[in-house]
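Participant: Build me a structure from this.
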Amino acid sequence: MSGVRLATWNVNSVKQRLPRLLPWLDERQPDVVCLQETKLADAPFMALLGAPLAERGYEVALSGEPQWNGVAILSRVGLEDPRPGLGADTPGFPHVEARAVAATCGGIRVVSVYVPNGREPDSDHYRYKLAWLAALERLVADAGPARSVVLGDVNIAPADADVFDPDAYVGQTHVTAPERAALADLQSLGLHDVVRDRWPDERVFSYWDYRAGMFHQDLGMRIDLVLAGDEVATRVKAAWVDRKARKGKGPSDHAPVIVDLDEAPDGDIGPVVPPPSAPAPPRGSKRLPQAP
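Facilitator: Numbering: from 1, shown residues only. This next block holds a predicted model:
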């Protein structure tokens, strides 16, 4: 059986990231790519990227809107039954946003998600986030979790080990008990956090704030996840964060997460490529840029 490379990347504007996205596709050769924060409606997305993606063998499923949000699936292993959104009961704020798209790629039901941020604990947007996660859980349950993979920016750090310092996040979203409980409910369908399962004790992040040199100090969060059902999780041969894609000129604030099924063309190379730039700082010594 030939291998399949899955990837997810919050590009934080596909238009701005175009000089990096196409070379990255050529370098890493992913078979299925889930993108988030494309920030383009469907027609402009295809006008910008349709031809270069087709040249690389990718079919495309989209759910986009101008300026904000936007998700996509790129696949060169087939793309069947594409569906935007989370179904008839997709919550909105106040209107339904372009935050999910699903398609079947190589026999796997792939769901690309950009979970709402939540903004502030106990705010209306925070409650919207929890309702959206509940709708996502229903969608995956109906689709058949065993052959499904949810990939994307879930805007939740699953555990304290997934942030650079838990003390820095007190009173912030992404780490609260209700958010983590909603994520755990989704995983209870039988979805495996394949990066953490493969590297249970490693320091690994996927997002670093643009401000205050957070990336260069490796002060990040792991909020970009690949959650794989049983049938898919058993095929995992490598799972890693492509930290190289966060370096250099004009990066997204997120790095791609890559999972290899059946074969690992680059080897089982560890949780982060290349290795983190800095060791963990003493607890309580660093603060978030937005902290007072």
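
Participant: Please give the element, helix or strand, for L25.
Facilitator: L25 is part of helix 14-28, with elements assigned from DSSP states H and E.

Participant: Any stretches of this structure with poor pLDDT?
Facilitator: 1, 291-292 (pLDDT under 70).

Participant: any chance you could map the helices in it?
Facilitator: 14-28, 42-55, 124-143, 177-187, 194-198, 230-233 (DSSP state H).

Participant: ok now the helix holding L25, how far from the chain's centre?
Facilitator: On the basis of CA atoms, centre = their mean, to the nearest Å, helix 14-28 sits 16 Å off its chain's mean C-alpha point.

Participant: Identify the residues contacting it?
Facilitator: Residues from elsewhere that reach helix 14-28, judged by CB atoms under 8 Å, 6 or more residues apart in numbering: 5, 7, 11, 33, 35, 38-40, 45, 48-49, 52, 56, 58, 70, 72, 74, 242, 245, 248, 250-252, 256, 258. Yep, even glycine has a C-beta here, placed from its N, CA and C like the rest.

Participant: Tell me which of those fall in strands.
Facilitator: Among the contacts of helix 14-28, DSSP state E puts R5, A7, V33, L35, A72, L74, D242, I258 in strands.

Participant: Filter the contacts of helix 14-28 down to the buried ones, ChimeraX style.
Facilitator: Remark: buried members of these, expressed as a ChimeraX selection using 16 or more other CB atoms under 10 Å:
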select :5,7,11,33,35,38,39,40,45,49,58,70,72,74,242,245,251,252,256,258
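
Participant: I'd like the ones in strands among the contacts of helix 14-28 as CSV, with distance to I223 appended.
Facilitator: Listed next are the ones in strands among the contacts of helix 14-28 as CSV, based on distance: CB to CB, whole Å:
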residue, distance to I223
R5, 21
A7, 16
V33, 18
L35, 15
A72, 19
L74, 21
D242, 15
I258, 16
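
Participant: Just flag the most distant two among these.
Facilitator: The largest separation in those, counting by CB to CB, is between A72 and D242 at 17.8 Å.

Participant: If you drop the residues flanking it in sequence, what lies closest to the residue nearest the centre of the chain?
Facilitator: Nearest residue to the geometric centre of the chain (CA atoms, centre = their mean): G152, 2.2 Å. In space, and not counting its chain neighbours, G152 is closest to V113: 3.8 Å by CB to CB, 6 or more residues apart in numbering.
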